[in-house]
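1. with the sequence up front, the predicted model follows.
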Amino acid sequence: MKRSPPSAVAAVGVLIPLLLGCQTTDSVRALRYKRVYYDSVLEWSHGMGRWVEELYFPEKRVVANLSWRSEGWDEEKKETRYKAVLNTFYGEIGNKFLVGKNETEEPTVEVRVPEELAKKIFALAELTRKMNEEQERVGEAVKKEELLHWDVEAPKSAGE
């Protein structure tokens with residue numbers, strides 16, 4: 001009986017699952033859905049929110065969505081440069097929400113996230129939690145020292 005060299009066996013073991021659409025690496029289950037975000041009550045009342053996709057990892061109760069950050073003006077292309085930014089946080093699935101005055105429930109689709117990427121998403125959610133706690137702690141200290149105030153009167157130069 002002629003045996004295939006180990007490299008050929010390994011290649012077939014990788015190629016067949018790929019050809020069949022199967023993943024050969026470990027992955028983590030997530031639910032993907034669409035939801036709308038509003039930046040203000042005015043946007044909500046006029047139906048002007050922006051739709052995004054979110055991932056929800058039920059086992060970790062982590063939510064992730066993609067947004068964009070402006071990186072300034074590209075003089076050569078005459079356009080604003082943007083970079084993708086991943087927002088992550090601990091929470092519940094967000095596929096039930098108000099669109100105007102009507103509650104909606106968007107369908108979910110199960111997806112598989114590569115395990116290494118999922119670990120990075122979970123670590124980012126933990127960093128976000130820690131950052132939020134620190135922002136609140138330092139914010140309270142600044143407020144206590146009366147260094148900054150919010151909801152202040154507009155300056156006269158603002159054209160009142």
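-> Great, that's in hand.
2. where's the residue minimising distance to the centre of the chain, which helix or strand?
-> Among the residues of the chain, Asn65 comes closest to the average C-alpha position under C-alpha atoms, centre = their mean, at 2.1 Å. In the assignment (DSSP states H and E), Asn65 maps to strand 62-74.
3. which elements pack onto that strand?
-> Other helices and strands packing on strand 62-74, by 3 or more C-beta pairs under 8 Å, 6 or more residues apart in numbering; DSSP states H and E, are strand 50-57, strand 79-90, helix 115-144. Every residue, glycine included, has its C-beta placed from N, CA and C.
4. in that strand, what counts as buried?
-> Residues 62-65 are the ones in strand 62-74 that count as buried (16 or more other C-beta atoms under 10 Å).
5. how about low-confidence regions in the chain?
-> 1-25, 100, 160 (pLDDT under 70).
6. how close does Asp26 get to Pro114?
-> With distances taken as C-beta to C-beta, to the nearest Å, Asp26 is found 8 Å from Pro114.
7. got it, and Thr128?
-> Using C-beta to C-beta, we find Thr128 at a distance of 21 Å from Pro114.
8. out of those two, which sits in the busier spot?
-> Set side by side, Thr128 and Pro114 show unequal neighbour counts under other C-beta atoms under 10 Å, the larger going to Thr128 at 16 against 13.
9. dig out what Glu110 forms beta bridges with.
-> Beta-bridge partners for Glu110, by DSSP bridges, are Leu31.
10. what's the local residue count around Lys83?
-> Neighbours of Lys83 (other C-beta under 10 Å): 9.
11. Thr104 now?
-> Thr104 has 13 nearby residues by other C-beta under 10 Å.
12. Val99 contacts His46, correct?
-> No - the pair Val99 / His46 is not scored as a contact, 12.0 Å apart, by C-beta atoms under 8 Å.
13. thanks a lot, catch you later.
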